[in-house]
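**Q** Sequence and computational prediction follow.
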Amino acid sequence: MKAAAIAQAIRRGQRRAIDVTEEALADIAARDGRFNAFTEVTAARARAEALAVDQTIAAGRDPGPLAGVPYAVKNLFDLEGIATLAGSKIERDAKPAARDGFLVRKMAAAGAVCTGALNMDEYAYGFTTENAHEGACRNPHDVTRIAGGSSGGSAAAVAAGLVPITLGSDTNGSIRVPSSLCGIFGLKPTYGRLSRAGSYPFVASLDHLGPFAGDLTDLALAYDVLQGFDPEDPAQTRQPLEPVTPRLSAGIEGLRFAVADGHFARNGHAEAFAAVEAIARVAGATRRLVVPDAARGRAAAFLITMAEGGNLHMADLRTRAQDFDPGTRDRFLAGAMLPAHWITQAQRLRADYRASVLKLFAETDILIAPATPFAATPIGQANIELEGELVPIRPNLGIFTQPISCIGLPVLAVPLADPTVAGTPNGLPIGVQLIAAPWREDVLFRAAAALERAGVVSAPPVRA
Amino acid sequence: MTEEQAEAFMNAAAAALDLPVDPAHRPGVIANLRLAARMASLVEGKALTVHQEPAPVFRP
């Protein structure tokens, strides 16, 4: 069920929040064993929040726009009373969080009901959610395949219909990659738009938080309640609240679309480019614009990620490297050693690359680019053929997302409604990135809503 | 960066940083240093002027 419909039924008194919550908790208990999306179910908290919503309604007060809507968060968000694992074994020793993270407090204030914490790559360093400590998260469209990562549990929980909204993080593609592989909507807002306070950091220069949903209206609802200034995030930019829900019906009249060329037109399987073309056709995008220096931008993000990640975990790398997930450990160790020259040069190149890309927005409002180079791969598969070469899957899943988050542009990952049109293996889902200039999330939602109405964009149904 | 260069770099950096690397982790660290070096060569492939500052800006 969609979040908007749940909230409406509860707000009108047609349903009780506690009943919706009990149904969601029972569903998670019955079905999540197949997906391994949840690492913790916060049943007591969910019941308390739902009862509070029902009491608010009984008292005649406004319960909020997400009244009684079940949601869940990547397990790097602080939830009061629970250790914030960030996908690790090491943090199981950490003290429980003293209070909820900023975005969790925003969801609670809007009446949403937190049902639990979700699986992820350790410390958010990965694109597959094959977590050595918690087990791999499985794609609801084919449970033998990855859900993508690092916010794999966030995407799988939505695609499986366990909750209509989840929250995740994206440093190099960790919202957009799992959105694409699980066939749902995901928003990576402009860098600095949403507060990251009360979440486990990875790469301060590049970390973003954002919502997932199976439906664009729900994604807009979530994004609108998550906005707000928080002095506790030093990287947040003070922006006015810019709700996008009112923009969903605005249409695409006057919006200019272009297909991202160069780096974004190679390095992937045919299905990734076919998905872009299918959406570009409906959007009326006839232009192709080369994104200058995209591969260099990706390389800069790659180095900054390694170095900042390594630095962050230095104390544990020195004393308990064996407790890291083998999938992340060697990268953190190597990252901790990188020469300062590489990192400073990467940060200088990043500024130069940003200036070049921003010029493109004088010619277009939205760039359309692939989200992932291919659809979901089998769990455990390490390599894949790309342009005649066998390459590792893990780093290459982010080849199209990493150059964009490097410079903080807002991106809406949208699922192709009928992935068979793109020729994905077994009709597996695939998504596309809609990319705008900084702070223009509004045009992304306008465009995605029009594409949804045109029937080319929507979450493909999960076949049992 | 050759495998030998990466190994020598790892040994020197590990000593300088007081960061022990378990023998079992050495091949993975070397592979990741070589991958980082390939990324660095891409980054260094574009000449920048002395006036081009790093992206992050500190505001007191």
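**A** Arrived safely. Please read all numbers here as calculations on a predicted model, not as lab measurements. Numbers count the residues shown, from 1 in each chain, chains lettered A, B, ... in the order given.
**Q** Spell out which parts of the stretch 1-150 of chain A neighbour chain B.
**A** For the stretch 1-150 of chain A, no residue is in contact with chain B (CB under 8 Å from any CB of the partner chain). Using the backbone N, CA and C atoms, a C-beta is placed for each residue, glycine as well.
**Q** Strands of the stretch 1-150 of chain A, start to end?
**A** A:38-41, A:70-74, A:113-118, A:130-131, A:135-136, A:138-139, A:142-146 (DSSP state E, counting those that start in this stretch).
**Q** Same list (these) but as JSON lines, adding mean neighbour count and mean pLDDT.
**A** Listed next are the strands of the stretch 1-150 of chain A as JSON lines, based on neighbours: other CB atoms under 10 Å in any protein chain shown; pLDDT from 0 to 100:
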{"stretch": "strand A:38-41", "mean neighbour count": "20", "mean pLDDT": "98"}
{"stretch": "strand A:70-74", "mean neighbour count": "32", "mean pLDDT": "99"}
{"stretch": "strand A:113-118", "mean neighbour count": "28", "mean pLDDT": "98"}
{"stretch": "strand A:130-131", "mean neighbour count": "26", "mean pLDDT": "98"}
{"stretch": "strand A:135-136", "mean neighbour count": "17", "mean pLDDT": "98"}
{"stretch": "strand A:138-139", "mean neighbour count": "28", "mean pLDDT": "98"}
{"stretch": "strand A:142-146", "mean neighbour count": "20", "mean pLDDT": "98"}
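**Q** Make TSV from the ones you listed and add distance to residue A:458 to it.
**A** Compiled in TSV, the strands of the stretch 1-150 of chain A are given as follows (distance: least, CB to CB, whole Å):
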stretch	distance to residue A:458
strand A:38-41	25
strand A:70-74	20
strand A:113-118	23
strand A:130-131	28
strand A:135-136	27
strand A:138-139	18
strand A:142-146	19
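**Q** Quick one: closest of those strands to residue B:3.
**A** Nearest to residue B:3 among the strands of the stretch 1-150 of chain A is strand A:130-131 (26.6 Å), distances taken as CB to CB.
**Q** Give me the sheet partners of that closest one and which way each runs.
**A** strand A:135-136 (antiparallel) (DSSP bridges).
**Q** any idea how far the partner strand is from the chain center?
**A** Centroid separation for strand A:135-136 versus its chain: 19 Å, with CA atoms, centre = their mean, to the nearest Å.
**Q** same deal with stretch A:100-120?
**A** 15 Å.
**Q** Now that stretch: buried residues?
**A** A:100-108, A:110-120 (16 or more other CB atoms under 10 Å in any protein chain shown).
**Q** re earlier: closest one to residue A:338 among the strands of the stretch 1-150 of chain A?
**A** strand A:130-131 (24.9 Å).
**Q** Just list the residues touching whichever residue of the stretch 251-400 of chain A sits closest to chain B, thanks.
**A** Chain B sits closest to residue A:330 of the stretch 251-400 of chain A, with a gap of 3.0 Å, by CB to the nearest CB. Neighbour list for residue A:330: B:25, B:28, B:29, B:31, B:32 [criterion: CB atoms under 8 Å, 6 or more residues apart in numbering or on different chains].
**Q** Flag every residue of chain B that's near chain A.
**A** Counting by CB under 8 Å from any CB, the residues of chain B that sit close to chain A are B:9-10, B:13-14, B:17-22, B:25, B:28-29, B:31-33, B:35-36, B:39-40, B:42-46, B:48, B:52-56.
**Q** Let me have the contacts of residue A:330 in TSV, extended by secondary structure and neighbour count.
**A** Shown next, in TSV, are these (DSSP: H, G, I helix; E, B strand; the rest coil; neighbours: other CB atoms under 10 Å in any protein chain shown):
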residue	secondary structure	neighbour count
B:25	helix	20
B:28	helix	17
B:29	helix	28
B:31	helix	16
B:32	helix	24
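**Q** So for the closest residue to chain A within chain B, what's the pLDDT?
**A** As assessed by CB to the nearest CB, chain A sits closest to residue B:28 within chain B, at 3.0 Å. pLDDT recorded at residue B:28 is 97.
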